[in-house]
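[1] Everything below, folded, please.
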Amino acid sequence: MNKVEICGVNTSTLPVLSHEEKFELLKRMKEGDKEARRIFIEGNLRLVLSVVQKFANRGENLDDLFQVGCIGLIKAIDNFDLSQNVKFSTYAVPMIIGEIRRYLRDNNSMRISRSLKDTAYKALKIKEKYINKNHREPTLEEIAKELSITKEELVFALDSIQEPISLYEPVFQDSSDTMYVVEKLCDQKSCENVWLEEISLKDALNKLTKREKVILYLRYYKGKTQMEVARIVGISQAQVSRIEKSAIGHIKKYI
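    This next block holds a predicted model:
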């Protein structure tokens, strides 16, 4: 991402247009002014560049992504409605992102049949039209009915166009720690260990008294406080605390 020149364009010299300049150029473009169109495109290439940077860690050629992003920019220009009270950048960014994502899907190393992709894209179009008409998202059943396919076929098609993510994609991050996708996965051995632990826990729970089971259920499955449990069971909060502590001790011993 230290490149200055992309597709023969020196990005350090790209112009920046004010809101008023953009509005004026858009009006001239609608009247067929080709020079205004050229200036407007050049004045928004930084917008394309900012979007491309979001995809920089995918190992794709930046020049290719920039060119695809420019296609998205031109589509946004051609479809932008001046009468709507929306900033051009607000309208253009999703279209640029969509164009790049479409390119990445179509050039994915995992080859997926064209018919499957077409089904998924048709489903997305139906969803968009449905939302515009009914002001709510359609259910999978409603989309599947419109396409005359089963819900399972629809889910399979939609899954086929999902972008793969890196095993080292962060899923949680704070100032001191980061968790990656790979850490959320488990191999066969560790999965078997979890399975055995679940069996051990069930066996341990079966050895508890009925009252101990009820109190643990309310505390750890229903998220009740000890005071709430006391009111439900009809004993004091101190008794709930004592029984809970004893039950957990029994479970630890059994496991």
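[2] For Glu244, grab the count of nearby residues.
    18 (other Cβ atoms under 10 Å). Where you see a C-beta, it was placed from the backbone N, CA and C, and this is true even at glycine.
[3] Quick one: residues contacting it.
    Counting by Cβ atoms under 8 Å, 6 or more residues apart in numbering, Glu244 makes contact with 215-216, 219, 226.
[4] where's Ser200, which helix or strand?
    Assigning secondary structure by DSSP states H and E places Ser200 in helix 188-206.
[5] Name the nearest residue to Ala247, sequence neighbours excluded.
    Spatially, and ignoring its direct neighbours in sequence, Ala247 is nearest to Glu212 (3.9 Å; Cβ to Cβ, 6 or more residues apart in numbering).
[6] List the residues that contact that neighbour.
    Taking Cβ under 8 Å, 6+ apart as the contact definition, Glu212 lies against 243, 246-247, 250.
[7] Next, it: secondary structure please.
    Classification of Glu212 by DSSP: H, G, I helix; E, B strand; the rest coil places it in helix.
[8] so how far is Ala204 from it?
    Here the distance between Glu212 and Ala204 works out to 11 Å (Cβ to Cβ, to the nearest Å).
[9] Common neighbours of these two, please.
    Taking Cβ under 8 Å, 6+ apart as the contact criterion, the residues that touch both Glu212 and Ala204 are His250.
[10] returning to that earlier point: would you mind checking which of the contacts of Glu244 is nearest to Lys133?
    Out of the contacts of Glu244, the one with the shortest distance to Lys133 is Arg219. That distance is 47.5 Å, counting by Cβ to Cβ.
[11] Lys253 versus the closest one, what's the distance?
    As for Arg219, its distance to Lys253 is 19 Å (criterion: Cβ to Cβ).
[12] Measure how buried the residue nearest to Lys224 when sequence neighbours are not counted is and give me the count.
    Leaving aside its chain neighbours, Lys224 sits nearest to Leu218 (4.5 Å; criterion: Cβ to Cβ, 6+ apart). Each residue near Leu218 was counted by other Cβ under 10 Å, and the total is 20.
[13] And for Ile215?
    Residue neighbour count, defined by other Cβ under 10 Å, stands at 26 for Ile215.
[14] In the helix or strand encompassing Thr119, which residues are buried?
    Counting by DSSP H and E, the element that carries Thr119 is helix 114-134. Buried positions in helix 114-134, judged by neighbour count with 16 or more other Cβ atoms under 10 Å: 116-117, 119-120, 122-123, 126-127, 130.
[15] and that helix, how far out from the chain's middle?
    18 Å (Cα atoms, centre = their mean, to the nearest Å).
[16] What is that helix packed up against?
    Helices and strands touching helix 114-134, as assessed by 3 or more Cβ pairs under 8 Å, 6 or more residues apart in numbering; DSSP states H and E, comprise helix 140-147, helix 151-160.
[17] hang on, the earlier thing: could you export the buried residues of helix 114-134 as JSON lines, including pLDDT and distance to Ser12?
    As requested, the buried residues of helix 114-134 are arranged in JSON lines below (pLDDT from 0 to 100; distance: Cβ to Cβ, whole Å):
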{"residue": "Leu116", "pLDDT": "80", "distance to Ser12": "43"}
{"residue": "Lys117", "pLDDT": "78", "distance to Ser12": "38"}
{"residue": "Thr119", "pLDDT": "89", "distance to Ser12": "44"}
{"residue": "Ala120", "pLDDT": "86", "distance to Ser12": "39"}
{"residue": "Lys122", "pLDDT": "90", "distance to Ser12": "43"}
{"residue": "Ala123", "pLDDT": "90", "distance to Ser12": "42"}
{"residue": "Ile126", "pLDDT": "91", "distance to Ser12": "44"}
{"residue": "Lys127", "pLDDT": "89", "distance to Ser12": "41"}
{"residue": "Tyr130", "pLDDT": "87", "distance to Ser12": "45"}
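[18] Among the residues you listed, which pair sits farthest apart?
    Leu116 and Tyr130 (21.2 Å).
[19] about what we covered before: could you give the angle of the helix holding Thr119 to helix 140-147?
    Angular relation of helix 114-134 and helix 140-147 on a 0 to 180 degree scale: 110 degrees, by axes from the mean of the first three to the mean of the last three Cα atoms, to 10 degrees.
[20] Thanks again, I'm all set now.
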